[in-house]
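Student: what's the 3D shape of this:
(chains A and B)
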Amino acid sequence: MMYPQSRVGTVVRRLGQALPVLFGVILATFVLTRALPGDPAAFFAGPAADEKSIAEIRKALGLDRPLPEQFLVYLRDLSRGELGTSISTGQPVSEELIRRLPASLELTFLALLISMIIAVPLGILAAINPGKLIDHICRILTTAGVSLPTFFTGLGLVFIFYYILGWAPAPLGRLDFAYLPPPHVTGFYLIDGAFAAEWDTVYAALSQLMLPCVTLALFTLAPIARMTRASMIQVLSSDFIRTARAAGLTNYTVLIKYAFRNALLPLVTTLGMVFSFTLGANVLVEKVFAWPGIGSYAVEALVVADYAAVQGFVLSMAIIFLILNLIIDILYTFIDPRIELGN
Amino acid sequence: MDQKILEIDNLTVEFMTRNGSVTAVENVSFAVKKGETLGVIGESGSGKSVTSLALMRILDTNGKILSGELVYSGVDLKRASNAAMYDIRGREISMIFQNPRGSLNPVRKIGKQLEDVLCQHGLANKYNARKKAIDLLATVKIENPTARFNAYPHELSGGMCQRVVIAIALACQPRLLIADEPTTGLDVTTQKVILDLVKDLTTERGMSMILITHDLGLAANYCDRAIVMEQGKVVESGCIKNLFLNPNHPYTKKLIRATPNKSSQLNQLLPSESRSSCTSYLEGSHQSASFNHKRREPKNQRPLLYIDRLTKEFPIRNQIFRLPSLMSFGKRPKEVQQVFRAVDNLSMKINYGESVGLVGESGCGKSTTSAMIMRLVDSTEGWIEFDGTDIGSVPAKHFARSPIRSKLQMVFQDPTDCLNPRFTARQSISDPIIVLGSLNSKRSLDKRVDHLADLVGLPKKLLERFPHQLSGGQKARVGIARAIALDPKLLILDEPTAALDVSVQAVVLNLLQELKCELDMSYLFISHDLNVVRLLCDRVMVMQSGRILEEGETGKVMVEPAQSYTRDLINAIPHPPELVPQ
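Tutor: Numbering: from 1, shown residues only, chains lettered A, B, ... in the order given. Below you'll find the model as predicted:
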């Protein structure tokens, strides 16, 4: 039996259990960033600096102190909610992340939405017609989706839709120069634009989003469609589908109410995984479309050994993944009454 | 009364597989009259289920009706439009399947599933569907139907689920019910209750029924007429009494012989020609058993297995009290530890060379008992002594490495699921020898496996095959060979034949009897089938709710049970008519 209290309680307990994980992430990123070659002080000082000025900068940044001490200082800052300052941009890391994260999230969410709208029906159709034309189309599309690297499909789409056809705007960030970002509420331009009723901005943001989203969607199509197909095929061969058919239920009821509901569980798991890796790995797409997201931010920071920025990025991703997994676990209990939280 | 409701004429069904087409049903013809119950009898692979799926037109996509006529009340089922078939399914003809829990949508409330069917066929709208569904649940005698409406299948027992499936099947007052092995996998007492319920409801409504079963006892008790199918063909048909008393076809004779009844002997289950090889063992079996017994007695005063006041409790955790410790801060009262006693103060002993049957319905604790003897689970309290050694105090997680472990082996219920699908038969059999045995060289290992294959009658060429390339009986032999690989003293047989066809069951039971004499083993035979237990065991224990209710010589318990529960169990077994000895 499921009681709402237990659901709330489990959420709290799960968040509690996440604390050691977070500490592990903090420690690992701290050690790893320092293990990497590259000296932030040298970078900060610039090419013209001499040994002495680099040493001074190192001292100013606190990098001359022993590692355990640096770690304690970092922990103290974290407990105050400070992620430090990026040495390459000079901005506080938390501010940059807060500004850039919605850009990445907006891209990822919309891409996944497009991907699901195509992949789920495609997977279902392929599952009910195995070996038929639609199944082959599904297979080709998904194979192509994973085989083509995202920067390639991205560039291809830009070439066709911007350069040749001219349908898409220039792939230069989240908004065309002609528009001002809508007043900041959530950081999602589509939502903020709608709040402010600036429909022109919404349209402009959407047209900027279209190409990178399609690029990502093509890439994420494959796992979603394949998983939908596989789990639908499995569910459709189960006994209760036969019972439902024998009871005269129509195809639609059998497929949607009976089969798809049961096929959802592995699908949600896949979605969670796809979301995670898309959010972290869409750096190539961000580069191609000059998207000011966190992926490109992290890579730039990593190249110059920008400790604070890299640590902040990894920590925020870890928090997002933890929350995401929790949401997925809660979703399970809504989809499948046999699953209890916390077991 | 003689009006035919369903006529099947020369039905042939083919399945397209990777290796070409396979004819599953060939030229099958039969008719069902109004109000009668027709039995379709056959073992797995005989095409009995395919016939029913074909007439409902719900064959898998690779199945195809090749030829033949299917006429239901003047409707040509073969040529009817898909739309017409949707109306016929559930409304005119409906089905009950085996595996009741699997037959229900696991993520939908059972009441909603009933509503779906009612609304589909226009018998209810969204305002009265709930009430009608609850009425239906009451019709199939589900207690407290209003509360049960909101239950999910996993919250109900197998018997309850089957009632729900029956309610779904009968929701739209169909005129023909097809019951496809409706009680396979259910306890005998549940089986009787369920079939009596179906019989009552169908008789009440003047419905016809097709009862598909492999169990001749069931067919004999519930059918008016029956057809016998073998490999897709009808080999015999007729009135149920005639079929049993004067079977014509050799296959029917073989089936009838293989079905244990009240008085049959183990060796009678096999066809006479293949009987000779084991009768010698069997005739000597009682002698040798008692001989072994006597020989051992002075040496071993104690029995082989001695269990004293064994108890296993499982905690029932209550969700309400499972709030996180973070939030409780010690203020909350200590979690109320409720426990479920799966096994309750159970004492028993098994002597050297003895076969003991442990009988009870599902949930009575027999599997927990066997798991504790095998030291797979730790007991809560009690003493287990095996071959003079206290094994009860060895923690379950260390027992796998104990030298005694090899003397205790187990044969499991499902011969398919208990074999590693990626292991050949040879690998499966040699696995325990490699882990626990002392054979080091590859050659002596191979020799040992060959010998074991000989012992269980498994052709050597099958040793290199994977489980999916073996038949059910062959897989059962692999499972047995693996269990006897280390010369165990005690073999725990957990429903070893429950998943097998009757004719295969007869062979496996005989094999077990032979092996017991030959290898001087003791058996703990766990089963819900008293008839089978009677054939193999000297002594039987009847278990209910974790306790031994009754214990005694098998023959005595079967004939004059002391407890009413035992009597119910025995009476619930559907016996085929007594066979005239041939």
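Student: going forward, measure contacts and count neighbours with C-alpha atoms only.
Tutor: Fine.
Student: Please list all residues in contact with A:G156.
Tutor: By CA atoms under 8 Å, 6 or more residues apart in numbering or on different chains, A:G156 lies in contact with nothing.
Student: Double-check that it belongs to a helix.
Tutor: Yes - assessed by DSSP: H, G, I helix; E, B strand; the rest coil, A:G156 belongs to a helix.
Student: Which residue is it, in the stretch 101-250 of chain B, that comes closest to chain A?
Tutor: Closest contact between the stretch 101-250 of chain B and chain A, by CA to the nearest CA, is at B:S103 (3.9 Å).
Student: That residue belongs to a helix?
Tutor: No - B:S103: not assigned to a helix; according to three-state DSSP it is coil.
Student: Point out the residues in the stretch 201-343 of chain A that sit beside chain B.
Tutor: A:238-243, A:245-250, A:258, A:261-262, A:335-338 (CA under 8 Å from any CA of the partner chain).
Student: Buried residues in the longest helix anywhere in chain A, which are they?
Tutor: If you go by DSSP state H, chain A has its longest helix at helix A:199-236. Neighbour-count burial for helix A:199-236, with 16 or more other CA atoms under 10 Å in any protein chain shown as criterion, is recorded at A:201-233, A:235-236.
Student: Stretch B:15-23 too?
Tutor: B:15, B:23.
Student: what pLDDT, on average, does it get?
Tutor: For stretch B:15-23, mean pLDDT is 84.
Student: what comes into contact with it?
Tutor: B:12-14, B:24, B:62-64, B:232.
Student: same check, this time on stretch B:234-245
Tutor: Against stretch B:234-245 from outside (CA under 8 Å, 6+ apart): B:28-29, B:219-220, B:223-229, B:248-249, B:251-252, B:256, B:576-577, B:579-580.
Student: again with stretch B:415-429
Tutor: So stretch B:415-429 is in contact with B:412, B:449, B:462-468, B:472, B:475-476, B:478-479, B:481-483, B:485, B:496, B:499, going by CA under 8 Å, 6+ apart.
Student: Of the residues you listed, just the buried ones, ChimeraX syntax please.
Tutor: Selecting only the buried entries of the contacts of stretch B:415-429 in ChimeraX, with 16+ other CA under 10 Å as the criterion:
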select /B:412,449,462,463,465,466,467,472,475,476,478,479,481,482,483,485,496,499
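Student: Of the contacts of stretch B:415-429, which belong to helices?
Tutor: B:449, B:472, B:475-476, B:478-479, B:481-483.
Student: Out of these, which comes closest to chain A?
Tutor: Distances from chain A to those, taken by CA to the nearest CA, are shortest for B:G472, at 21.0 Å.
Student: Pretty sure that closest one sits against B:L500.
Tutor: Yes - contact status for B:G472 versus B:L500: in contact at 6.5 Å, counting by CA atoms under 8 Å.
Student: tell me the helices in the stretch 151-300 of chain B, going along the chain?
Tutor: Under the criterion DSSP state H, counting those that start in this stretch, the stretch 151-300 of chain B carries helices at the ranges B:158-170, B:188-204, B:216-222, B:240-245, B:250-258, B:276-296.
Student: for those, which one ends up most surrounded?
Tutor: helix B:158-170 (a mean of 26; mean count of other CA atoms under 10 Å in any protein chain shown).
Student: and it, how far out from the chain's middle?
Tutor: Distance of helix B:158-170 from its chain centroid, counting by CA atoms, centre = their mean, to the nearest Å, is 19 Å.
Student: and that helix, average pLDDT?
Tutor: According to the model, helix B:158-170 has a mean pLDDT of 89.
Student: Can you check my assumption that B:N99 lies in a helix?
Tutor: No - with three-state DSSP as the criterion, B:N99 is located in coil rather than a helix.
Student: Would you confirm that it contacts B:D180?
Tutor: No - contact criterion CA under 8 Å: B:N99 and B:D180 do not qualify, at 10.0 Å.
Student: before we move on, back to that, which one is the residue of the stretch 101-250 of chain B closest to chain A nearest to, not counting chain neighbours?
Tutor: Residue nearest to B:S103 in three dimensions, not counting chain neighbours: A:F240, with 3.9 Å by CA to CA, 6 or more residues apart in numbering or on different chains.
Student: Show the pLDDT at the one you found.
Tutor: 91.
Student: Quick check: next helix or strand after the helix or strand that contains it?
Tutor: Under the criterion of DSSP states H and E, A:F240 resides in helix A:239-246. Sequence order places helix A:251-252 as the next helix or strand after helix A:239-246, per DSSP H and E.
Student: Show me what the mean pLDDT comes to for that following helix.
Tutor: Helix A:251-252 comes out at a mean pLDDT of 88.
Student: packing partners for that helix?
Tutor: Packed against helix A:251-252, as judged by 3 or more CA pairs under 8 Å, 6 or more residues apart in numbering or on different chains; DSSP states H and E, are no other helices or strands.
Student: Next, the buried residues of the helix or strand that it is followed by.
Tutor: Next along the chain after helix A:251-252, taking DSSP H and E as the criterion, comes helix A:261-281. Neighbour-count burial for helix A:261-281, counted by 16+ other CA under 10 Å, picks out A:261-276, A:278-280.
Student: which parts of the stretch 151-300 of chain B sit against chain A?
Tutor: Residues of the stretch 151-300 of chain B lying near chain A (CA under 8 Å from any CA): B:152, B:154, B:168-169.
Student: quick one: which of the residues you listed is nearest B:P271?
Tutor: Set against B:P271, the nearest of these by CA to CA is B:A169 (39.2 Å).
Student: B:I96 is in contact with that closest one, correct?
Tutor: Yes - between B:A169 and B:I96 a contact is recorded at 6.5 Å, counting by CA under 8 Å.
Student: which residues are common contacts for the two?
Tutor: B:L177.
Student: Could you list the low-pLDDT ranges of the chain?
Tutor: Answering for chain A, as no chain was given. A:1-7, A:340-343 (pLDDT under 70).
Student: my bad, chain B
Tutor: Looking along chain B with the criterion set at pLDDT under 70, you get B:1-2, B:272-301, B:317-337, B:577-582.
Student: Geometric centre of it: which residue is closest?
Tutor: With distances taken as CA atoms, centre = their mean, B:A498 lies nearest the centre of chain B, 3.8 Å away.
Student: Quick one: residues contacting that residue.
Tutor: So B:A498 contacts B:413-414 (CA under 8 Å, 6+ apart).
Student: rerun at 10 Å
Tutor: B:184-185, B:412-415, B:505, B:527-529, B:532 (CA atoms under 10 Å, 6 or more residues apart in numbering or on different chains).
Student: Now, those residues that are in strands?
Tutor: The strands, defined by DSSP state E, take in B:S527 from these.
Student: Count the neighbours of residue 259 for me.
Tutor: With no chain named, the answer covers chain A. 26 (other CA atoms under 10 Å in any protein chain shown).
Student: Actually, chain B is the one I wanted.
Tutor: B:T259: 24 neighbours (other CA under 10 Å).
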